[in-house]
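Enquirer: Next one to model:
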Amino acid sequence: MLATLANPHRIRVVAALVHGRNYVSQLARDLGISRALLQVHLRKLETAGLVSAHLEISEDGKAMKFYEVNRFDVQLTPDTVAAAARTLPPPEQDGPDAPNDPDASEAPDSEKGSRG
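Expert: Next up, the predicted model:
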């Protein structure tokens, strides 16, 4: 869960959804990021159990995917940090040049070179 929230985009998504659910297009506009990049981050948040999605049909017949924050409570203690540390790869795999989250800020291939 902490790794998922380590990305600033994902923190902004959760913060934007705190006051209520929202659909992808509006959320992307509110956050100033492309829908494709937002979808990447929403999938990661959903996989971590931090948000849920619900598909609804609008009055004009369009399918709209709404996201909302799931309730969560994280208690961070030295013991939980130690438990998380045991899940890290060996040091030789996460040296100073290794990225923390290689796909954290990259847009999908279809988005590279544009600002959506």
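Enquirer: For the most centrally placed residue in the chain, give me its contacts.
Expert: Taking CA atoms, centre = their mean, the centroid of the chain lies closest to His41, which sits 3.3 Å from it. With contacts defined as CB atoms under 8 Å, 6 or more residues apart in numbering, His41 is in contact with 7, 9-10, 13. Yep, even glycine has a C-beta here, placed from its N, CA and C like the rest.
Enquirer: Considering those, which is situated nearest to Ala84?
Expert: Distance to Ala84 across those (CB to CB) is lowest for Asn7, with 16.3 Å.
Enquirer: per-residue pLDDT, that closest one?
Expert: On pLDDT, Asn7 comes in at 90.
Enquirer: what's the answer for the one 5 residues further on, then?
Expert: You'll see Arg12 listed with a pLDDT of 95.
Enquirer: so how far is Arg10 from the closest residue to it other than its chain neighbours?
Expert: Nearest non-adjacent residue to Arg12, counting by CB to CB, 6 or more residues apart in numbering: Leu31, 5.6 Å away. Per CB to CB, to the nearest Å, Leu31 is found 11 Å from Arg10.
Enquirer: Those two: which is more packed in?
Expert: Shown here are Leu31 and Arg10; by other CB atoms under 10 Å, Arg10 has more neighbours (22 against 17).
Enquirer: and that one, backbone torsions?
Expert: For Arg10, the backbone dihedrals are phi -70, psi -30 (criterion: degrees, to the nearest 10).
Enquirer: That one reaches Glu46, doesn't it?
Expert: No. Using CB atoms under 8 Å, Arg10 is not in contact with Glu46; the gap is 10.8 Å.
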